[in-house]
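*Asks:* pasted the sequence and its predicted model underneath.
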Amino acid sequence: MPEPIEDFYAVIPAGGIGSRLWPLSRAETPKFLHDLTGSGVSLLRNTWDRLLPLAGPERIAVVTGKAHEQKVETELPEILDRNVFIESDPRESAAAIGLAAAILQRREPDVIIGSFAADHHISRTRAFEFAVQQAVAVARAGYICTIGIPPTEPSVGFGYIQLGGELEVEGAPMAAEVERFVEKPDLETARRYYADRSFLWNAGMFIGRADVLLAELAANEPELHAGLVEIAEAWDEPARRDEVVARVWPTLKKIAIDYAVAEPAAAKGRLAVVPGHFDWDDVGDFASLAKLISDGRPDRMSILGQNDRVLADESTGLVVSQTNRVIAVVGVEGLIVVDTDDALLVTTSEHAQRVKSVVGALQESGRGSVL
Ligand SMILES: Nc1nc2c(ncn2[C@@H]2O[C@H](COP(=O)(O)OP(=O)(O)O[C@H]3O[C@H](CO)[C@@H](O)[C@H](O)[C@@H]3O)[C@@H](O)[C@H]2O)c(=O)[nH]1
């Protein structure tokens, strides 16, 4: 096991409702609070455990919404209070990660931070650790470093990283400059990038010196940066924090870090990448969840939950059972059934990405209580 990296802080932004996993993932209990892989613990807890050898328990921070504060602390009883950063409302990943960067940089001017999604599945953790160790070495050299995953399909759900020239950084033998970063291209572009072997998927991890990340944010989104710095200055003073947060946070622009930092940094030659040779899955929809838990047997029905109540005969796909109801599936391929107390979803693997639209429709039609 590696020794924790001295000047490193791991940040876990835990927000977003995982709308493609509705009705399993809800506003109250989003994806990161679920055990989707049968490991016995939530994805958030898995993320914490994975980061522990790299950062140590006192140097992992979580950025999350007010509504999830209690649950996060139950999942991570050893997290220090000073490392839980609560947002009054979600303002997307640039604000969430930027807030952590601004607070931590004020406390420790030269700190290197790594941001890691709360809801991904990763196996072969030694290879993950090696990638992060290399990314930290690259960050010390002044770059913002991403981790790139070899694509397996032309997905439109990921950012794409085009590899540039090799980087000469000690401790990072596989690092390269990023020629171009393109967040979630359209299908035609994704197909082109997939066919071109110089592109990797962005794994959604950003490692950089906090001051470098903040400088990039200041250059591209000056008002967002100024607001975050104002909040960070008051954060560790309880008497001022509430007033400043209440006044400034709601004014901050909602934008993903991929647009606010990664794309522009790549255009200026300040973004780097280390390939990740570990198994990585963002468990973004039910089709990928079905694949993940199929145990290498796509010819069978995967079952999550009360599996003694599910009868599957010559069927493939996924049944998620959260009720006492018996579910029988006969002779259907690629079926997805998600049964919860107040909502039932039926779709197919092929259409799993479209589940997100149900969430929008429920919101618009005033039936948001089941979200
Ligand atoms: N605290 C907090 N966290 C947030 C918020 N919005 C998003 N996050 C967190 O930020 C991370 C990224 O989430 P998204 O911004 O929804 O990104 P995405 O659609 O999953 O795409 C990102 O990840 C892909 C890999 O899964 C990348 O391929 C892509 O380029 C991008 O970085 C996740 O950990 C999510 O929980 C927020 O308002 N508050």
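*Replies:* Yes, it's here.
*Asks:* now residue 54: closest residue in space that isn't a chain neighbour?
*Replies:* Among residues not flanking residue 54 along the chain, residue 132 sits closest, at 5.5 Å (CB to CB, 6 or more residues apart in numbering). Using the backbone N, CA and C atoms, a C-beta is placed for each residue, glycine as well.
*Asks:* that neighbour: neighbour count?
*Replies:* Each residue near residue 132 was counted by other CB atoms under 10 Å, and the total is 27.
*Asks:* which ones are touching residue 124?
*Replies:* Shown in contact with residue 124 (CB atoms under 8 Å, 6 or more residues apart in numbering): 277-279.
*Asks:* the protein: helices as residue ranges?
*Replies:* Applying DSSP state H to the chain gives helices spanning 43-55, 69-75, 92-107, 125-140, 187-195, 210-220, 222-235, 238-248, 257, 263-267, 286-293, 355-364.
*Asks:* run the chain-centre distance for the last one.
*Replies:* Chain-centre distance of helix 355-364: 21 Å, with CA atoms, centre = their mean, to the nearest Å.
*Asks:* cool, the fourth one as well?
*Replies:* Taking the mean of its C-alpha atoms, helix 125-140 sits 17 Å from the chain's own mean (CA atoms, centre = their mean).
*Asks:* on that earlier part again, which ones among the contacts of residue 124 map onto strands?
*Replies:* Mapping the contacts of residue 124 onto strands (DSSP state E) picks out residue 279.
*Asks:* sorry, back to before: hey, which of the helices of the chain is tucked in deepest?
*Replies:* helix 257 (a mean of 26; mean count of other CB atoms under 10 Å).
*Asks:* quick one: name the residues of this structure near the ligand.
*Replies:* Proximity of the chain to the ligand, by CB under 6 Å from any ligand atom, involves residues 13-16, 63-64, 87, 90-93, 96, 117-119, 158-159, 183, 201-204, 256, 258, 282.
*Asks:* from those residues, list the buried ones, please.
*Replies:* 13-16, 63-64, 87, 90-93, 96, 117-119, 158-159, 201-204, 256, 258, 282 (16 or more other CB atoms under 10 Å).
*Asks:* quickly note the distance from residue 134 to residue 173.
*Replies:* Counting by CB to CB, to the nearest Å, the gap from residue 134 to residue 173 is 7 Å.
*Asks:* can you check residue 219 too?
*Replies:* 30 Å.
*Asks:* residue 202 too?
*Replies:* Taking CB to CB as the measure, residue 202 falls 21 Å from residue 173.
*Asks:* list the contacts for the residue in the stretch 251-371 of the chain that the ligand sits nearest to?
*Replies:* Per CB to the nearest ligand atom, residue 282 is where the stretch 251-371 of the chain lies closest to the ligand, at 3.6 Å. Contacts for residue 282 were tallied using CB under 8 Å, 6+ apart; they are 117, 119-121, 157-158, 204, 288.
*Asks:* kindly report the same for residue 330.
*Replies:* Shown in contact with residue 330 (CB under 8 Å, 6+ apart): 312-315.
*Asks:* how does it look with 6 Å?
*Replies:* Contact partners of residue 330, counting by CB atoms under 6 Å, 6 or more residues apart in numbering, are residue 313.
*Asks:* and it, what are its bridge partners?
*Replies:* Here residue 330 sits in beta bridges with residue 313, going by DSSP bridges.
*Asks:* give me the residue from the stretch 51-200 of the chain nearest the ligand.
*Replies:* Using CB to the nearest ligand atom, the closest approach of the stretch 51-200 of the chain to the ligand is made by residue 159 at 2.5 Å.
*Asks:* quick check: the closest residue to that residue other than its chain neighbours vs residue 313, distance?
*Replies:* In space, residue 159 comes closest to residue 202 once its chain neighbours are excluded; the distance is 3.5 Å by CB to CB, 6+ apart. Noted for residue 202: a distance of 41 Å to residue 313, by CB to CB.
*Asks:* and residue 231, by the same measure?
*Replies:* Distance check for residue 231 against residue 313: by CB to CB, it reads 57 Å.
*Asks:* for residue 41, give me its contacts.
*Replies:* For residue 41, the contacting residues are residue 35, by CB under 6 Å, 6+ apart.
*Asks:* what about residue 153, how many neighbours?
*Replies:* The tally of other residues near residue 153 (other CB under 10 Å) stands at 11.
*Asks:* which residue, other than its chain neighbours, is closest to it?
*Replies:* Spatial nearest neighbour of residue 153, excluding adjacent residues (CB to CB, 6+ apart): residue 194 at 6.8 Å.
*Asks:* do residue 185 as well
*Replies:* residue 160 (6.1 Å).
*Asks:* ok, the one you found touching residue 193?
*Replies:* Yes - if you go by CB atoms under 6 Å, residue 160 and residue 193 touch, sitting 4.8 Å apart.
*Asks:* shared neighbours, these two?
*Replies:* Residues touching both residue 160 and residue 193 by CB under 6 Å, 6+ apart: residue 199.
*Asks:* first-to-last residue distance for stretch 131-150?
*Replies:* Taking CA to CA, to the nearest Å as the measure, stretch 131-150 stretches 14 Å from start to finish.
*Asks:* identify the residues contacting that stretch?
*Replies:* Contacts to stretch 131-150, defined as CB under 6 Å, 6+ apart, come from residues 5, 8, 54, 112, 161, 169, 171-172, 175, 200-203, 205, 207-209, 265, 271-276, 280.
*Asks:* over to stretch 152-159?
*Replies:* Residues outside stretch 152-159 that contact it (CB under 6 Å, 6+ apart): 183-184, 187, 190-191, 194, 201-202, 258, 284.
*Asks:* just the closest residue of the stretch 1-150 of the chain to the ligand, please.
*Replies:* Residue of the stretch 1-150 of the chain nearest the ligand, by CB to the nearest ligand atom: residue 15 (2.4 Å).
*Asks:* for that residue, what are its contacts?
*Replies:* With contact taken as CB under 6 Å, 6+ apart, residue 15 is in contact with 65, 90, 96.
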